[in-house]
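# Give me a 3D structure for the following:
(chains A and B)
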2 protein chains.
Amino acid sequence: MIDQTRLPHELATVEWRTLDHACHGITSMQVRGAPLIGVAAAHGLALALAERPTELDEAIRSLTGTRPTAVNLRWALEQMAEQLGPLPVDQRAAAARGLATEMADHDVTACRRIGEAGVGVLADVHRRTGRPVQVLTHCNAGRLACVEWGTATAPVYLAAQQGVPVHVWVSETRPRNQGASLTAWELADAGVDHTLVVDNAAGHLLREHLVDLVIVGADRIAANGDTANKIGTSLKALAAREHGVPFLVAAPWSTIDPRCATGAHVPIEERDAVEVLELAGRPIAPPGTRARNWAFDITPAELVTGYLTDAGHLTPAELRARRADDGRVEAPGTAPGTAPGTAP
Amino acid sequence: MIDQTRLPHELATVEWRTLDHACHGITSMQVRGAPLIGVAAAHGLALALAERPTELDEAIRSLTGTRPTAVNLRWALEQMAEQLGPLPVDQRAAAARGLATEMADHDVTACRRIGEAGVGVLADVHRRTGRPVQVLTHCNAGRLACVEWGTATAPVYLAAQQGVPVHVWVSETRPRNQGASLTAWELADAGVDHTLVVDNAAGHLLREHLVDLVIVGADRIAANGDTANKIGTSLKALAAREHGVPFLVAAPWSTIDPRCATGAHVPIEERDAVEVLELAGRPIAPPGTRARNWAFDITPAELVTGYLTDAGHLTPAELRARRADDGRVEAPGTAPGTAPGTAP
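Below you'll find the predicted structure:
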């Protein structure tokens, strides 16, 4: 795995050999990003079963407890449990490795489809304005958060490949600065024009008509379309609506959680206050200051213009209608099977 | 002066002896906060005239150029020029010192009146809820930004003195972290309960009903009530309106600029990108990353519930009506004269 805590200063990889490595790697955010932690947890489970093939439930419990908000983690593990539970114990480790690899492959396909669902929106803006498309994003919903392509970045990368000029405003994303350290890094790596701003700048950018589209990822989408994503996302959504700019949520279908009726049912992870109180290891507040550190917030569905998914570009009403069809989450057009994003 | 760039790690003072010291001190934000830089510029002019009493215009030009957005700076200097210009050259330095001292005294009075204009709002919330009043603020509009009391903090300090329990959510205020380093420091110093959060947290706090009132300062208020304040303020105003929470702007009357019809006429300072690209001297983005660093944004008057001023607690309509009375800015109830906040 790329150790994302070392970026942008160093492109270092870390090798996981045990369940403990995987749990620590997810909790400490060596890997982060909803789709990636699903795939990473699947690999963690394969490592666990290679060590102790009888302890399937224990391993799933450990991995499920690493991060509470992103639904992809739970989803991947539930898929694995369903497939692996009935197998003879001595076949589980190999089967788990196979399933984890399938999930990674499926993530690439899903992200590519998200890109296809969104690239037309960018091309339209460029056709209309004749200048580079100005995209604002938050946190990192890029290829570092996935296996390839990313979610929010997939339409950007595809547009760039198709010759549509794009410029991305990268919001630094306090407290962990995933925008500054990860999104800026991967956009530079891909040769996509971009500019870093503080999270506070979104209102100014939108008021000054410097943004054509806001595109963000999602950690969990409730059944009604309410979207849990990195803390601060809802502020960008409010500003986008205020200034008439489309606000697009890009996520694989597996990010929709039919068990959460609305955003109020999504558990919001609260992380260690030290992430707020220190920057680069140096305290930024007086000794003894108390801080709170919620990692996500809820953007209500009414602020979302559209969802870019592996099942296409959907309005909130279309998203709700499609998943209400059979009361389960299913991505039309993807073959049913073990991959995340499809219900069995 | 307290060197605010050293807080919260060290309470150090810096002595200004020359015009250059003053210009450097304001530009580098040893002193910051709209009311304080007005008073500081007045003292800078007194220092300049002690050195070169004939160079009134040159000194005013240098000081005016230090920071473009806060109107108090220009206002203080224009007041000084009007009073000092007609005087014999050898009387200017002493007169300038006297005027600067008067301005500092006036600031204390104005901030105390802002506190009186707002304290009833906090007391009402406490009476209604029976629990500590939850205030969200942004940046530092506290006593460090003024001479005493502060603007946004004046109602908080007065409420605390009157036994109304208050808890303040302190927004860290990237890129310079004035919330974390200054507001947290002065609230701790005053014994006011507070919790630090990242700027991104405002949407979550408001959605979860953890905020009763948002109170911020202002660097310039246009004639129509549009308010320039620290970048990110407008996002908090949008979230406050969305969740039905009052959004109060606390500022002395001198912050209103009758020459700016709307917020579109307020010049927005853009500062060095290094403030965004580095944290505590360490780069947070890959080498070569481009950044933009606007220091302020505009909150439109329609998002402001009320203005807490030295002329009382006014609605946007009352603010406009009162200043339209004579087409000039005048704070009723303050004696006309040389002090900022009163038109001659």
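# Enumerate the positions of stretch A:252-262 that are buried.
A:252-258, A:260 (16 or more other CB atoms under 10 Å in any protein chain shown). In short, each C-beta sits where N, CA and C put it, glycine included.
# Is A:Arg176 in a helix, a strand, or coil?
Classification of A:Arg176 by DSSP: H, G, I helix; E, B strand; the rest coil places it in coil.
# That one: what's it in contact with?
A:29, A:275 (CB atoms under 8 Å, 6 or more residues apart in numbering or on different chains).
# how close does it get to B:Ala202?
18 Å (CB to CB, to the nearest Å).
# before we move on, what about A:Asp90?
Separation of A:Asp90 from B:Ala202 (CB to CB): 54 Å.
# Of these two, give the one with the bigger neighbour count.
B:Ala202 (30 against 8; other CB atoms under 10 Å in any protein chain shown).
# Secondary structure of the more buried one: a strand, I assume?
No: per three-state DSSP, B:Ala202 lies outside any strand segment and is helix.
# For the closest residue to chain B within the stretch 51-200 of chain A, which non-adjacent residue is spatially closest?
Evaluated by CB to the nearest CB, the stretch 51-200 of chain A has A:Asn200 as its residue closest to chain B, separated by 2.8 Å. Nearest residue to A:Asn200, sequence neighbours excluded (CB to CB, 6 or more residues apart in numbering or on different chains): B:Gly232, at 2.8 Å.
# before we move on, the earlier item: neighbours of the residue of the stretch 51-200 of chain A closest to chain B, just the number please.
Count around A:Asn200 with other CB under 10 Å applied: 33.
# Quick check: it touching B:Ile231?
Yes: contact criterion CB atoms under 8 Å: A:Asn200 and B:Ile231 qualify, at 4.4 Å.
# Name the residues contacting each of the two.
With CB under 8 Å, 6+ apart, A:Asn200 and B:Ile231 have common neighbours B:Asp297.
# Give me the pLDDT for the residue nearest to A:Asn200.
Here the pLDDT value assigned to B:Gly232 is 98.
# ok, now A:Thr289?
For A:Thr289, pLDDT reads 97.
# My understanding was that it contacts B:Ala188; is that so?
Yes: the criterion here is CB under 8 Å, and A:Thr289 meets it with B:Ala188 at 7.0 Å.
# Mutual contacts of these two, please.
With CB under 8 Å, 6+ apart, A:Thr289 and B:Ala188 have common neighbours B:His194.
# and those two? which has more neighbours close in?
A:Thr289 (22 against 18).
# Just to be sure, the more buried one is in a strand?
No: counting by three-state DSSP, one finds A:Thr289 to be coil, located in no strand.
# And A:Gly33, how close does it get to B:Thr64?
From A:Gly33 to B:Thr64 the distance is 48 Å (CB to CB).
# neighbour count winner among those two?
A:Gly33 (28 against 16).
# per-residue confidence for the more buried one?
A:Gly33 is assigned a predicted lDDT (pLDDT) of 92.
# That one contacts A:Trp149, correct?
No: taking CB under 8 Å as the definition, A:Gly33 is not a contact partner of A:Trp149, at 11.8 Å.
# overlap in contacts of these two?
Common neighbours of A:Gly33 and A:Trp149 (CB under 8 Å, 6+ apart) do not exist.
# what mean pLDDT does stretch A:41-59 have?
Across stretch A:41-59, the average pLDDT comes to 96.
# now the helices for the stretch 1-150 of chain A?
In the stretch 1-150 of chain A, the helices defined using DSSP state H, counting those that start in this stretch lie at A:19-27, A:34-51, A:56-64, A:71-84, A:92-129.
# Looking at those, which is nearest to B:Glu10?
The closest of the helices of the stretch 1-150 of chain A to B:Glu10 is helix A:19-27. By CB to CB, the value is 35.1 Å.
# And the closest one, what's buried?
For helix A:19-27, by 16+ other CB under 10 Å, it's A:19, A:21-23, A:25-26.
# Next, count neighbours for A:Thr54.
Neighbour count of A:Thr54, defined by other CB under 10 Å: 9.
# Excluding chain neighbours, what is closest to it?
A:Val89 is the one closest to A:Thr54 (CB to CB, 6+ apart), at 5.7 Å.
# surely the one you found meets A:Pro53?
Yes: look at A:Val89 against A:Pro53 with CB under 8 Å: they come within range, at 4.6 Å.
# what's in contact with the strand or helix carrying A:Arg323?
Take DSSP states H and E as the rule and A:Arg323 turns out to sit in helix A:316-324. With contacts defined as CB under 8 Å, 6+ apart, helix A:316-324 is touched by A:221, A:223-225, A:256, A:258, A:301-302, A:304, A:306-307, A:309, A:311, A:314, A:329-330, A:332.
# Can you say which of those are buried?
Buried by 16+ other CB under 10 Å: A:221, A:223-225, A:256, A:258, A:301, A:304, A:306-307, A:309, A:311, A:314, A:329-330, out of the contacts of helix A:316-324.
# ok, of these, which one's closest to B:Ala285?
B:Ala285 lies nearest to A:Val304 out of the buried ones among the contacts of helix A:316-324, by CB to CB, at 28.5 Å.
# Pretty sure that closest one sits against A:Ala251.
No: using CB under 8 Å as the test, A:Val304 is too far from A:Ala251 to be in contact (10.9 Å).
# got the contact list for the residue nearest to A:Arg282 when sequence neighbours are not counted?
Nearest non-adjacent residue to A:Arg282, counting by CB to CB, 6+ apart: B:Ala280, 4.4 Å away. B:Ala280 makes contact with A:279-280, A:282, A:284 under the criterion CB under 8 Å, 6+ apart.
# How is chain A partitioned into domains?
Here the domain parsing of chain A from automatic domain parsing is A:4-104, A:116-324.
# Let me know which of those is tucked in deepest.
Compared across the domains of chain A, domain A:116-324 shows the largest average neighbour count, a mean of 22 (mean count of other CB atoms under 10 Å in any protein chain shown).
# residue ranges of the strands in the stretch 151-300 of chain A, please?
A:166-171, A:193-197, A:213-216, A:220-222, A:227-230, A:247-250, A:256-257, A:278-279, A:282-283, A:296-299 (DSSP state E, counting those that start in this stretch).
# Tell me how far whichever helix or strand comes after the first one lies from the chain's centre.
Helices and strands here follow DSSP H and E; after strand A:166-171, the next one along the chain is helix A:178. Relative to its parent chain, helix A:178 has a centroid offset of 12 Å by CA atoms, centre = their mean, to the nearest Å.
# quick one: average confidence on helix A:178?
Predicted confidence along helix A:178 averages 96 (mean pLDDT).
# which residue sits closest to A:Thr137 in space, ignoring its chain neighbours?
Closest residue in space to A:Thr137, ignoring its immediate chain neighbours: A:Ala152 at 5.2 Å, by CB to CB, 6+ apart.
# give the contact list for that neighbour.
Per CB under 8 Å, 6+ apart, neighbours of A:Ala152: A:137, A:141-142, A:215-217, A:248, A:250.
# and the two most separated of these?
A:Gly142 and A:Leu248 (14.8 Å).
# mind putting the helices of the stretch 1-150 of chain A in a markdown table, distance to A:Thr195 included?
A markdown table is the format used below for these (distance: least, CB to CB, whole Å):
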| stretch | distance to A:Thr195 |
| --- | --- |
| helix A:19-27 | 31 |
| helix A:34-51 | 25 |
| helix A:56-64 | 37 |
| helix A:71-84 | 30 |
| helix A:92-129 | 17 |
